[in-house]
Each structure stands twice: as C-alpha cells, then as structure tokens.
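Asks: generate a structure from the sequence data that follows.
(one chain, ligands or ions: 1)
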Amino acid sequence: MSAEIHVEQADGILTITLARPDKKNALTNEMYGALADIIENAEHDSDVRVLLLQGDGDMFTAGNDVGEFAAIASGKGPSERHVHRFLHALAKSSVSIIAAVQGKAVGIGTTLLLHCDYVLLAPDAELITPFVNLALVPEAASSYLLPLRVGHVRAFEMFALGEPLDAQTAVAWGLANKVCAKDQLRDDARRMAERIAAKPAGSLSAMKKLMREAETLVAQMDSESAKFQERLTSAEAREAFAAFAEKRKPDFAKVARH
Ligand code: COA
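Replies: Take a look at the predicted model:
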C-alpha cells in the first residue's frame, strides 16, 4: 500500500484519500498500484457498498506525476505501469463511486470523474484536461466518454485548449451533480455515501453494470493507451516535460510535426 493513499472503511463506505498534498496529489505509479488494488478488492468485498474518493490539500489532484512521464519519455520508466490496471478496475467497477473535488482536477483527475457515479464540487473546483498541451492524447476512455457526456464541440474545446472548466459550468454540462460549500464538501459527500450505502447494494450494482458498457470502455482505454505510449516518447512531449521541469512555457514551434 502506498503511504500517499489513505484508506478508511466504516459503515459500508470505503473512503480513499489522495494524500500527497505537497505535490498537489500528483499520481505516481505506486499510487496507481494502490488505487487499482483497492478498487479490485472492493469488487469482491461485500462489506464495501460505496467508494468515496477525495484529495487532501488545496486540490483534488494535479494528475499524473509529470516527472514520471519524463522518465518514461527517456526510457527510464517503470517496467509495469499500474495506471492501466487502475483504469480497467475503474471501468469494470460495479460499486457506486462518489468523488469530492476541491481545487484543480487535472488530466486523469478529471477523466476519472467520468467513471464516478456522483460527483460533488467545491466552488473553487476546476476541471482541466491538458493532454494536448503536453503533446499527449486523452486517456481513461475520455475520448469516448467526454464527447458522449458534453457533446463533441465542448469536448474538443476542453481537450484542445486545456483551459479550466469552472464548477458551475461543470454541473451545467453534466460532469458533476452539485456544487457545495468548500467547508461542507467532505460532510456532504459522506452524507451522500451514507444514503447510497443504505440502498440495496445488489440492485445498485446491477443497475450500474446496465448503465456502463465495461467492455467498450476497456477497449477504448487500450486504444488510447497505445497512442498515449507512442506520444509519450515524441519530441513534442519531451519538450512539454522539459518545459514543466524548467518552469517555462513549451516551445512547440521548434519541434517538427509528426
Ligand atoms: N507532477 C509532478 N509534480 C507536480 C505535478 C505533477 N503533475 N503538479 C504539481 N507538482 C509539484 C510541483 O512541481 C511543485 O513541486 P516543488 O514544490 O518541488 O517545486 C509542487 O507540486 C507544487 O506545485 P506548483 O506548480 O508550485 O503549484 P501551483 O498551485 O502553482 O500549480 C498546477 C498547480 C497543478 C497548476 C501546476 O503544478 C501544474 O500545472 N502541474 C502539472 C499538471 C499536469 O500537467 N498534469 C499532467 C496532466 S496529464
């Protein structure tokens, strides 16, 4: 278990907390491994009726650890990338998942919300999908799910520009259920988790399976992953990661298109 993922189980609710606030909860391979284990195990644990996902600190998560992206780009990445197992587990999960989001939800921080069943946002929440800004492609089946949820032109804008979507707009576009006061976020999420945990879990689970085509989602994730892997080692992506490390703007004009 990763020290940067905290888990607490009570009353049928498994609360998962991203706990790397000094790095804005950026997700490492080890953290993905822990998250994958938790979601896979929950699927077979009848004591878990709801998963509640939240992040410590001022933002939900800054997305994938960019240092780890850079390591992969230079051929020094881990032998096994647990993100795939995490995404497959999310796609296949029949347990109800609630997310409580404050501050920024970047990259996979936003795309994982497309696999959650009830999403609460603090007023300062911002959904950001900067895949193109990093010279990558969307993941987590978001290239399929986001256009389905918000329509092609809005999804294109979110992916191509990578600009933050504010909380009210996210609710209006159907990406979240409601905005609640920041100091109430965790309590409200907990109350919703308790309401859902009191429902017949077998029925909820069957309903969720009917609502989501897990096989389609996994297939889309696998196509995205192949393209993502290819893009990670591109000259454009190396420029984007170097720019992040050097705290400067990337200069894509100097990189040939391919
Ligand atoms: N990967 C690795 N480290 C990250 C990170 C990430 N995705 N996001 C933030 N951090 C680190 C920063 O490098 C910094 O570390 P340092 O204190 O050792 O310098 C620390 O977290 C605080 O981040 P900082 O950038 O100072 O916070 P901020 O509030 O000014 O900005 C963000 C927050 C999220 C806007 C900014 O950090 C950012 O753009 N991060 C990258 C997001 C991203 O592209 N993710 C990948 C998506 S596919």
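Asks: can you give me the strands for this protein?
Replies: 5-10, 13-18, 50-55, 96-101, 104-106, 118-121, 126-128, 165-166, 178-179 (DSSP state E).
Asks: make JSON lines from the ones you listed and add mean pLDDT and mean neighbour count to it.
Replies: Just so you know, the C-beta spots here come from the backbone N, C-alpha and C atoms, and that holds for glycine as well. Output for the strands of the chain, formatted as JSON lines (pLDDT from 0 to 100; neighbours: other C-beta atoms under 10 Å):
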{"stretch": "strand 5-10", "mean pLDDT": "98", "mean neighbour count": "14"}
{"stretch": "strand 13-18", "mean pLDDT": "98", "mean neighbour count": "21"}
{"stretch": "strand 50-55", "mean pLDDT": "98", "mean neighbour count": "25"}
{"stretch": "strand 96-101", "mean pLDDT": "98", "mean neighbour count": "26"}
{"stretch": "strand 104-106", "mean pLDDT": "98", "mean neighbour count": "27"}
{"stretch": "strand 118-121", "mean pLDDT": "99", "mean neighbour count": "24"}
{"stretch": "strand 126-128", "mean pLDDT": "98", "mean neighbour count": "23"}
{"stretch": "strand 165-166", "mean pLDDT": "98", "mean neighbour count": "18"}
{"stretch": "strand 178-179", "mean pLDDT": "98", "mean neighbour count": "15"}
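Asks: would you reformat those as a markdown table and include distance to the ligand?
Replies: Output for the strands of the chain, formatted as a markdown table (distance: least, C-beta to the nearest ligand atom, whole Å):
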| stretch | distance to the ligand |
| --- | --- |
| strand 5-10 | 16 |
| strand 13-18 | 12 |
| strand 50-55 | 12 |
| strand 96-101 | 13 |
| strand 104-106 | 5 |
| strand 118-121 | 17 |
| strand 126-128 | 8 |
| strand 165-166 | 14 |
| strand 178-179 | 20 |
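Asks: quick one: closest of those to Glu68.
Replies: Among these, the nearest to Glu68 by C-beta to C-beta is strand 104-106 (14.3 Å).
Asks: can you name every helix or strand that that closest one contacts?
Replies: The contact analysis (3 or more C-beta pairs under 8 Å, 6 or more residues apart in numbering; DSSP states H and E) places strand 104-106 against strand 126-128.
Asks: quick check, distance from the strand it packs on to the centre of its chain.
Replies: Centroid separation between strand 126-128 and its chain, computed with C-alpha atoms, centre = their mean, to the nearest Å, is 11 Å.
Asks: which helices and strands does it pack with?
Replies: Applying 3+ C-beta pairs under 8 Å, 6+ apart, one finds that strand 126-128 contacts strand 104-106, helix 108-111, strand 165-166.
Asks: go again with 10 Å.
Replies: strand 104-106, helix 108-111, helix 152-161, strand 165-166, helix 167-172 (3 or more C-beta pairs under 10 Å, 6 or more residues apart in numbering; DSSP states H and E).
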